[in-house]
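Participant: Quick check, what structure comes out for this input:
(2 chains)
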Amino acid sequence: MSAAAVKLPRSPGRRAALLFFRTPSGVVGLLLVLLVVGCALLAAFISPYDPVRYLPADRMQGPSLSHLLGTDLYGRDLLSRIIYGSRISLSVSVLSVSLALALGGLLGALAGYYLGWVDTLIMRLTDILLAFPAILLAIALLAFLGGGFWNLTLAIAVAFTAPFARVVRAAVLRSRDTMFVEASLSLGATDRRLLWRHVLPNSLGPVLVEVTLRLAYAILGEAALSFLGLGTQPPAPAWGQMIADGRPFLETNAWISVAPGLAIMLTVLGFNLLGDALRDALDPRLGR
Amino acid sequence: MSAGWLVRRVLMALLAAFGVGVLVFALLRLIPGDVVTQLIGLEGNVSAAQQAEMRRLFGLDQPIWMQFLSWFSGLVRGDFGISLRTDRPVFQDLLLRFPVTLELTGLALIFAVLVGLPLGILAALRRGQAADLISSSFVLIGLAAPEFWLAILMILLFSLKLGWFPPNGYVSPTESLTGNLKSLFLPALALSFGLAAATTRIVRASLLDVLSQDYIRTARAKGLSGGAVVVKHALRNALIPVITVIGLQVGSLLGGAVIIEQLFGLPGVGRFALEGINLRDYPVVQGAVLWIAVSYVLVNVVVDVLYGVIDARVTYS
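Facilitator: Residues are numbered from 1 along each chain as shown, chains lettered A, B, ... in the order given. Here you go, the predicted structure:
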């Protein structure tokens, strides 16, 4: 390892990339994520059937050559529904994590940069949000707001805002204490320049890791909320909803519930492996 | 651990609990329209006079700070309002249902430790061998698979195929203790998966870290057997980060319990909340959400205090 470490590039980005691609599990994670993203983007081209069209003649079939994963109560092709379901899962999770990052990131950056009463106020606010288990906070919001795509996205985003605020605050605190920030400050840099040019870019690593792992949580959260019937409404092929749909038919056709669960598991596994490998690759203490 | 720290920690928890109360109160104002228009949508035609009467009943004719004060002072007295559907006090039902949630999450915690601890130790001692591979596959699956899906797989295997456990329903311990444990076994096992995986991972990592320390080499060099080194020296020191991770995550069992209770038809607080959502019984939803959130805050305080007791090196200034 030490012999190889000498050859590592000096650029932090390239060093991280090199370390990342040496981690087999990280590459597997990346491939899984790319597979799901590919399914979501190309759903219209690769799905063998229409995901919401009823085909009563084909109902409740097991896996076969014409329906690779079988069909549900209404004869809808499960593979096609799973492929289209990736669109719901990914769009809800990407949108909610982006929203939580924007909101939580802003709060965390303000708290970590200005400290003092701003910090105290923001941290006490996050304490309140963190006083709920994340899934319960989302359930509570949806109970009063009502379900549907946008409310679902908003509920998950609110539940994830506080963790992002914490991570960004910690990252900002770490980089504001560095020599280069001090040097820049002594050269007369403005607050805005310091924040955007020095503090935030150096906080990117931990935030990127948090985003990747949060995407995994968001996918699990979306699935759980759809399972409870609080997410997008039928006939939209949300994975969690599909698992709930198959529940009464476990003895006749278990695939209806089993297959979408596999899709959730592989997607979450992808983001988890990717996030773990990124964390290791971006850790400046390793591979020097 | 000083008394001052303890007081401050409890004060912060009280502040968070108060904030939770404000948030749960505010939730009712998120409803599109207001409570009354929502409820009328369910009931059909209601005269304007009856609507005004309903608004008065909800206190909606009062200014908002008055509404909050009367709601909050009610909470402190144990008055969580009356269910709109059953006319029963919400507090009474919460007291009745909380033991089920407590038993479910308690069992899940026990399962998680019973699985995670030995599996993590085995993986660390047989690093790179088959046992390690099996344990890391378990970790990857446990952290990635939705627990409600794992629960369905377990129902499929253990209830429908093998007939060992009932697929749903709850038996009270006063009725039959074995029946009670049987009815909670699968739900608790499903709920424990995520925590068991996280525990396995941290036990393995922590034990491997400790085993590479100098004092372990010394213990081996002075002729202690492998087992004695692991049990007497390594494990004790490896357990501190394990307790941290379990402590951080044990509260999240309360969130997972909501889904598991619903799936298995267990009459706990989480299912109470979901029933309230389906019937638009808003006082029930508010009461149940508040109850779970405050329990969550309480669990986290207890974990923090326990942590201070267990690890003598931790001093809270």
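Participant: Counting neighbours, what do you get for the residue lying closest to A:V52 once chain neighbours are set aside?
Facilitator: Residue nearest to A:V52 in three dimensions, not counting chain neighbours: A:P235, with 4.5 Å by C-beta to C-beta, 6 or more residues apart in numbering or on different chains. To be clear about C-beta, it is placed using only N, CA and C from the backbone, and glycine gets the same treatment. A:P235 has 15 neighbouring residues, counting by other C-beta atoms under 10 Å in any protein chain shown.
Participant: A:S186 too?
Facilitator: By other C-beta under 10 Å, the residues close to A:S186 number 8.
Participant: Test for you: state the pLDDT assigned to the residue of the stretch 101-250 of chain B found nearest chain A.
Facilitator: Across the stretch 101-250 of chain B, no residue is closer to chain A than B:W149, which sits at 3.5 Å (C-beta to the nearest C-beta). Listed pLDDT for B:W149 reads 95.
Participant: Tell me which residue of chain A lies closest to chain B.
Facilitator: A:P133 (2.8 Å).
Participant: What parts of the stretch 201-317 of chain B come near chain A?
Facilitator: Within reach of chain A by C-beta under 8 Å from any C-beta of the partner chain, the stretch 201-317 of chain B has these residues: B:251-252, B:254-256, B:258-259, B:262, B:273-274, B:276-277, B:282, B:285, B:289, B:292-293, B:296-297.
Participant: let's see 6 Å
Facilitator: Residues of the stretch 201-317 of chain B found near chain A (C-beta under 6 Å from any C-beta of the partner chain) are B:252, B:254-255, B:259, B:277, B:285, B:289, B:292-293, B:296-297.
Participant: Now flag whichever of those residues is closest to chain A.
Facilitator: Distance to chain A across these (C-beta to the nearest C-beta) is lowest for B:G255, with 2.8 Å.
Participant: can you list the weak-confidence ranges in chain B?
Facilitator: Residue ranges of chain B with pLDDT under 70: B:1-2, B:33-34, B:41-45, B:310-317.
Participant: ok, now which ones touch A:S257?
Facilitator: Neighbouring residues of A:S257 by C-beta atoms under 6 Å, 6 or more residues apart in numbering or on different chains: A:243, A:246, B:152.
Participant: Not counting its neighbours along the chain, what's nearest it?
Facilitator: A:G246 (3.3 Å).
Participant: so where does the one you found fall, helix or strand?
Facilitator: Using DSSP states H and E, A:G246 sits in helix A:239-246.
Participant: ok now the helix or strand following that helix, how far from the chain's centre?
Facilitator: Moving toward the C-terminus from helix A:239-246, the next helix or strand (DSSP H and E) is helix A:255-282. Put simply, helix A:255-282 sits 10 Å off its chain's centre (C-alpha atoms, centre = their mean, to the nearest Å).
Participant: Okay, buried residues for stretch B:16-33 please.
Facilitator: For stretch B:16-33, burial by neighbour count (16 or more other C-beta atoms under 10 Å in any protein chain shown) applies to B:16-17, B:19-21, B:23-25, B:27-28, B:31.
Participant: Name the nearest of the residues you listed relative to chain A.
Facilitator: B:G19 (3.3 Å).
Participant: Now do the strand or helix carrying the closest one: which elements does it pack against?
Facilitator: B:G19 belongs to helix B:3-27 when assigned by DSSP H and E. With contacts taken as 3 or more C-beta pairs under 6 Å, 6 or more residues apart in numbering or on different chains; DSSP states H and E, helix B:3-27 sits against helix A:116-130, helix B:64-76, helix B:282-310.
Participant: quick one, which of those is packed in tightest?
Facilitator: helix B:282-310 (a mean of 21; mean count of other C-beta atoms under 10 Å in any protein chain shown).
Participant: which strands and helices sit next to that helix?
Facilitator: Using 3+ C-beta pairs under 6 Å, 6+ apart: helix B:282-310 touches helix A:134-145, helix B:3-27, helix B:90-125, helix B:269-278.
Participant: export those to CSV and tack on distance to A:I128?
Facilitator: Below are the helices and strands packed on helix B:282-310 laid out as CSV (distance: least, C-beta to C-beta, whole Å):
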stretch, distance to A:I128
helix A:134-145, 10
helix B:3-27, 3
helix B:90-125, 21
helix B:269-278, 19
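Participant: Of those helices, which is nearest B:G247?
Facilitator: Nearest to B:G247, of all the helices and strands packed on helix B:282-310, is helix B:90-125, at 10.7 Å by C-beta to C-beta.
Participant: Give me the contacts around stretch A:124-143.
Facilitator: So stretch A:124-143 is contacted by A:155-156, A:159, A:162, A:165, A:224, A:230, B:16, B:19-20, B:27, B:252, B:254-255, B:277, B:285, B:289, B:292-293, B:296-297 (C-beta under 6 Å, 6+ apart).
Participant: Alongside chain B, which residues does the stretch 151-288 of chain A contribute?
Facilitator: Within the stretch 151-288 of chain A, the residues that sit near chain B (C-beta under 6 Å from any C-beta) are A:220, A:223-224, A:227, A:243, A:250-251, A:254, A:257, A:261, A:264-265, A:268-269, A:272.
Participant: Out of the contacts of A:S257, the closest to A:P56 would be?
Facilitator: Using C-beta to C-beta, A:G246 comes nearest to A:P56 of the contacts of A:S257, at 17.6 Å.
Participant: Would you confirm that the closest one contacts A:I256?
Facilitator: Yes. Using C-beta atoms under 6 Å, A:G246 is in contact with A:I256, at 3.0 Å.
Participant: B:V46 falls within a strand, correct?
Facilitator: No. Applying DSSP: H, G, I helix; E, B strand; the rest coil, one finds B:V46 to be coil, outside a strand.
Participant: how about it, what does it touch?
Facilitator: Residues in contact with B:V46 (C-beta under 6 Å, 6+ apart) are B:I40.
Participant: So it versus B:V36, what's the distance?
Facilitator: Distance of B:V46 to B:V36, given as C-beta to C-beta, to the nearest Å: 9 Å.
Participant: Ok, B:L60 next?
Facilitator: From B:L60 over to B:V36 the distance is 7 Å, taken as C-beta to C-beta.
Participant: Contact partners for B:L279?
Facilitator: Contacts for B:L279 (C-beta under 6 Å, 6+ apart) come out as B:R85.
Participant: Next, give phi and psi for it.
Facilitator: Dihedral pair for B:L279: phi -90, psi 0, per degrees, to the nearest 10.
Participant: now the strands for the stretch 51-200 of chain A?
Facilitator: Applying DSSP state E, counting those that start in this stretch to the stretch 51-200 of chain A gives no strands.
Participant: So between B:L60 and B:V36, which is more surrounded?
Facilitator: B:V36 (19 against 15).
Participant: so which helix or strand takes in the more buried one?
Facilitator: Going by DSSP H and E, B:V36 is in helix B:35-43.
Participant: if we can go back for a sec, now for the residues of the stretch 201-317 of chain B next to chain A, which pair is the farthest apart?
Facilitator: Pairwise over those, using C-beta to C-beta, the maximum falls at B:I277 and B:V297, 22.2 Å.
Participant: and the most centrally placed residue in chain B, how far is that from B:I82?
Facilitator: Per C-alpha atoms, centre = their mean, the C-alpha nearest to the average position across chain B is that of B:L254, at 1.6 Å. Between B:L254 and B:I82 the distance is 25 Å, computed by C-beta to C-beta.
Participant: can you pull the contacts of the residue of the stretch 101-250 of chain B closest to chain A?
Facilitator: A:243, A:261.
Participant: what about 10 Å?
Facilitator: Applying C-beta atoms under 10 Å, 6 or more residues apart in numbering or on different chains to B:W149 gives the contacts A:220, A:223-224, A:227, A:239-240, A:243, A:257-258, A:260-262, A:264-265, B:190, B:263.
Participant: Kindly report the same for A:P24.
Facilitator: Going by C-beta under 10 Å, 6+ apart, A:P24 touches A:273, A:277.
Participant: what's the answer for A:P260, then?
Facilitator: Here A:P260 is in contact with A:69, A:78, A:81-82, A:85, A:89, A:223, A:226-227, A:237-246, B:146, B:149 (criterion: C-beta under 10 Å, 6+ apart).
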